[in-house]
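A.B. asks: please find the sequence and the predicted model below.
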Amino acid sequence: MIWQIILGIWMTVVIVASFLYMPATQGLGETGRIIVYHVPAAWIAVLAYLMAMVNAIGYLRKKDIRLDRQAQINAELGTIFCILATVTGAIWSKGAWGWYWNWDPRQTSIFVLLLIYGAYFVLRSSITDSDTRARLSAVYAILAFITVPFLVFVIPRVYSSLHPDLINIPQRSLDMDRKMLHVFLSSLAGFTGLYVWMYKVQMRLENLLYKQAMKREG
Amino acid sequence: MKRYDKLVLLLLLVVFGVGGYRSISSALTPYVTFAYAEESSRSVQVKGYGIDGTIQIDENSFSFEMEDMDGKVVRVFHKGPIPQNLMEADNIVVVGKYADGGFTAQRILVKCPSKYEAQ
């Protein structure tokens, strides 16, 4: 319980600080504040998809149905945060470039990513036998994650995009105002905590539903 | 048999990979040059930057010269107010059609130089 309270206070402070403590950004002005939500959402999407793949590999090795549920929850959370990154990105695009959506390579690639994981849920819901479902969706989750590094990191850098790179690769540095960096890093930590908490809640729920279903059957 | 399965799987992956890459590649290049826009009858997005001191203002429209990624300069016409920082932008994207030596932009996207520094 104590962790949830700390997390609640932490996120509240981050939200307040993103408006009051953090300065407006050069060039972007007030719209620059959305970086505190946009980038961490994208980061959690990648992290959750990665975990879904790790769970999927685990399932194929051990055939433990719990791992299948973990992979499913991670794919769901990844998709929620991926949608959040897309929506905040579109809002930011409107603020910074003047248009919500213009099929910039960055926008196209995240859209493709959502389609790929959308198909994962379609696959899951189309198979009734739980072992077959677990096996096939585990293979799909692994294949799906192979595209993530390309769609998230490679394509927007190779193709001409309006999207900026936060990390300056040649200089190996993060060019950011100190106050902004405080809020930004706190938000990354807060989002990660939020993800872990959401994962645990979902896992508890899924385990209860599973137990209930087992009872009904036998 | 198992070896053969793996080979088929690998072949399928390569075929799908190459096919997927080819089809996605054109979807990932939304920004074209004026030369391409001249050929196309569809609405396209041209990326480049505005040339300082070329803005001409009419009653409720304006025009300016823009240099695309290949260095070709074309006059761009747009109905509506001049976007902020049009000339200071790193990049601008004009969306519209090329006709009669000029480009009519329905929309202008402006990408300002952004630095995560305080204003």
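C.D. replies: Nice, thanks for sending it over. Just so you know, these numbers come straight off a predicted model, no measurement behind them. Numbers count the residues shown, from 1 in each chain, chains lettered A, B, ... in the order given.
A.B. asks: tell me what the closest residue to chain A within chain B is bridged to.
C.D. replies: Nearest residue of chain B to chain A (CB to the nearest CB) works out as B:Ala118 at 3.6 Å. From N, CA and C alone the C-beta is placed, and that goes for glycine too. Beta-bridge partners for B:Ala118, by DSSP bridges, are A:Thr25.
A.B. asks: what residues are up against it?
C.D. replies: Contact partners of B:Ala118, counting by CB atoms under 8 Å, 6 or more residues apart in numbering or on different chains, are A:Pro23, A:Ala24, A:Thr25, A:Gln26, A:Asp177, A:Lys179, A:Met180.
A.B. asks: return the member of these nearest to chain B.
C.D. replies: Among the contacts of B:Ala118, A:Pro23 lies closest to chain B (CB to the nearest CB), at 3.6 Å.
A.B. asks: what about the closest one, distance to A:Met51?
C.D. replies: A:Pro23 is 35 Å from A:Met51, where distance means CB to CB, to the nearest Å.
A.B. asks: so those two - more neighbours on which side?
C.D. replies: Remark: of A:Pro23 and A:Met51, A:Met51 carries more neighbours, 20 against 16, as counted by other CB atoms under 10 Å in any protein chain shown.
A.B. asks: does that one touch A:Asn74 like I think?
C.D. replies: Yes. Counting by CB atoms under 8 Å, A:Asn74 is a contact partner of A:Met51 at 4.4 Å.
A.B. asks: mind naming the longest helix for the chain?
C.D. replies: I went with chain A, as the question did not name one. In chain A, taking DSSP state H as the definition, the longest helix is helix A:178-217.
A.B. asks: my question was about chain B, not that one.
C.D. replies: helix B:2-27.
A.B. asks: which one of the contacts of B:Ala118 has the most neighbours?
C.D. replies: A:Thr25 (24 neighbours).
A.B. asks: how much space separates it from A:Phe19?
C.D. replies: In terms of CB to CB, A:Thr25 sits 13 Å off from A:Phe19.
A.B. asks: which residues do those two both contact?
C.D. replies: Common neighbours of A:Thr25 and A:Phe19 (CB under 8 Å, 6+ apart) are A:Arg33.
A.B. asks: how about the residue nearest the centre of chain B, what does it touch?
C.D. replies: When CA atoms, centre = their mean is applied to chain B, the residue found nearest the centroid is B:Tyr31 (2.5 Å). By CB under 8 Å, 6+ apart, the contact set of B:Tyr31 is A:Ser160, B:Gln45, B:Val46, B:Lys47, B:Met69, B:Val93.
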